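Chemist: Could you work out the structure for the sequence below:
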Amino acid sequence: MKKISIIGAGSFGTAIAVVLGNSKYDITIWARESEVVEGINRNKKNPAYLTNVSLPETVKARSSLEETIQGSGMIIFATPSHAMREVAEKTRAYLSGKEIIVSVAKGIEQDTLMTPSQILTEVLDGVVLEDQIGVLTGPSHAEEVGTFKPTTVVASAYSKRAARIIQETFMTPKFRVYLNYDILGAEIGGALKNIMAIAAGIVDGADLGDNAKAALITRGLHEMKRMGSALGASQDTFSGLTGMGDLIVTCTSRHSRNRYVGYNIGKGKSLQEVTSGMNMVAEGVKTARSVSQWSRKNNVEMPITEAVYKVLFENINPGDAVHELMTRNAKNEIMI
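Modeler: Predicted coordinates for the structure are as follows:
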């Protein structure tokens, strides 16, 4: 495999272009914006995302999906999860059926409540096999990946063959990739950690203290396990990189867009005020709506998720949401 296509020129799409381009793959990135395409091709810089990062000479950009995909052995979907279906439907016509398909998105689609890999499996059915679809996920802020800070992630797929190909393709001395064959658990962890990061940001913005944040991360992990258990995912997955690992980095890092949203809400701003000033997507906002919908539908108790949903979409004061969480009926910690 010589050519790899990246669908989406956002921060993470740009970062993995750096990783793969420096591994001497020919990388073509698809971008909607003509100025992004021009900036990458002319200056080897993305003028919209990770603007301080230089892209290798092996990276080029295209605005045509057909030109982007033609001749590729691997297609990486680096679009936000809520745009995955639309972009995959447009991509379908240009696939040969031989490609390995990789999602790096983290979220759950509203209404269908599908993970990114499930969306790809459904949309691309009849063109590529489910066994050709996988994900790359874990604690990996684009700002650090793109500047070669040591990063460790997980490759997971519907087949062991696809997972191994993903692992071998991405592995570098600065970007270590483990295998985990529980693709559902890996995607649940990647989605729910964004909700918990919003909650962690609220804790920090409202100056609720380290005790509260430690409890939030720990109980947030419990909600991941609870959802995973209901859907048949392995509980061990949530103790790994795509569960606890991603939860820690997203709840504590200054790079976290979701924590940024929560922090400003904790400071008293509205969701609209915060997001209107962002040029990047905070996946946890839409995921909070989707997971709240799922938990209510399936009668699975997820109190932190529900509290975040109420703060974001029902205008509940963060202080009232915290009070509601703290005054719930007494519980046994280890009960699922």
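Chemist: can you tell me which strand in this structure is longest?
Modeler: strand 151-157 (DSSP state E).
Chemist: State the next helix or strand along the chain beyond that strand.
Modeler: helix 160-170 (DSSP states H and E).
Chemist: now what about that following helix, what contacts it?
Modeler: 1, 4, 16, 19-20, 23, 25, 74, 100, 102, 131-134, 136, 153, 155-157, 177-181 (C-beta atoms under 8 Å, 6 or more residues apart in numbering). In short, each C-beta sits where N, CA and C put it, glycine included.
Chemist: Let me see the residues that make contact with the longest strand of the chain.
Modeler: Against strand 151-157 from outside (C-beta under 8 Å, 6+ apart): 131, 133-140, 144-145, 163-164, 166-167, 170, 174-183, 186-187, 240-242, 245.
Chemist: switch the cut-off to 7 Å
Modeler: 133-138, 140, 144-145, 163, 166-167, 170, 174-183, 186, 241-242 (C-beta atoms under 7 Å, 6 or more residues apart in numbering).
Chemist: so where is this protein shaky, pLDDT-wise?
Modeler: 1, 280, 335-336 (pLDDT under 70).
Chemist: coming back round to it: filter the contacts of strand 151-157 to the buried ones?
Modeler: 133-138, 140, 144-145, 163, 166-167, 170, 175, 177-178, 180-183, 186, 241-242 (16 or more other C-beta atoms under 10 Å).
Chemist: Centre-most residue in this protein?
Modeler: Lys106 (2.4 Å; C-alpha atoms, centre = their mean).
Chemist: what helix or strand is that residue on?
Modeler: With DSSP H and E as the test, Lys106 turns up in no helix or strand.
Chemist: show me what contacts it?
Modeler: Lys106 is in contact with Ser81, Thr137, Gly190, Ala191, Asn194, Glu283, counting by C-beta under 7 Å, 6+ apart.
Chemist: Nearest to Thr112, out of those: which one, please.
Modeler: Ser81 (11.1 Å; C-beta to C-beta).
Chemist: ok, now how distant is the residue nearest to the closest one when sequence neighbours are not counted from Pro47?
Modeler: Distances taken as C-beta to C-beta, 6 or more residues apart in numbering place Gly107 nearest to Ser81, at 2.9 Å, with adjacent residues excluded. Computed with C-beta to C-beta, to the nearest Å, the distance linking Gly107 and Pro47 is 26 Å.
Chemist: If you count surrounding residues, which of these two has more?
Modeler: Gly107 (28 against 14; other C-beta atoms under 10 Å).
Chemist: wouldn't the more buried one be in contact with Ala83 here?
Modeler: No. Counting by C-beta atoms under 7 Å, Gly107 stays clear of Ala83, with 9.9 Å between them.
Chemist: if we can go back for a sec, tell me the angle the longest strand of the chain makes with helix 160-170.
Modeler: For strand 151-157 against helix 160-170, the angle by axes from the mean of the first three to the mean of the last three C-alpha atoms, to 10 degrees is 150 degrees.
Chemist: Output strand 151-157 in PDB with nothing but the alpha carbons.
Modeler: Listed next in PDB are the C-alpha coordinates belonging to strand 151-157 (Å, rounded to 0.1, in the frame of the first residue of the first chain):
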ATOM      1  CA  THR A 151       1.300   9.000  21.700                       C
ATOM      2  CA  THR A 152      -0.200   5.500  22.200                       C
ATOM      3  CA  VAL A 153      -3.500   4.500  20.700                       C
ATOM      4  CA  VAL A 154      -5.600   1.400  19.700                       C
ATOM      5  CA  ALA A 155      -6.400  -0.200  16.400                       C
ATOM      6  CA  SER A 156      -9.600  -2.100  16.400                       C
ATOM      7  CA  ALA A 157     -11.700  -3.700  13.600                       C
END
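Chemist: which ones are touching Ala48?
Modeler: Glu33, Val36, Asn279.
Chemist: Compute the distance between the residue nearest to Ser81 and His255, please.
Modeler: Distance from Gly107 to His255, by C-beta to C-beta: 18 Å.
Chemist: mind giving me the domain ranges of the chain?
Modeler: What automatic domain parsing lists as the domains of the chain is 3-181, 189-326.
Chemist: Does Thr28 belong to a helix, a strand or coil?
Modeler: strand (DSSP: H, G, I helix; E, B strand; the rest coil).
Chemist: so what's it bridging to?
Modeler: Ser5, Lys60 (DSSP bridges).
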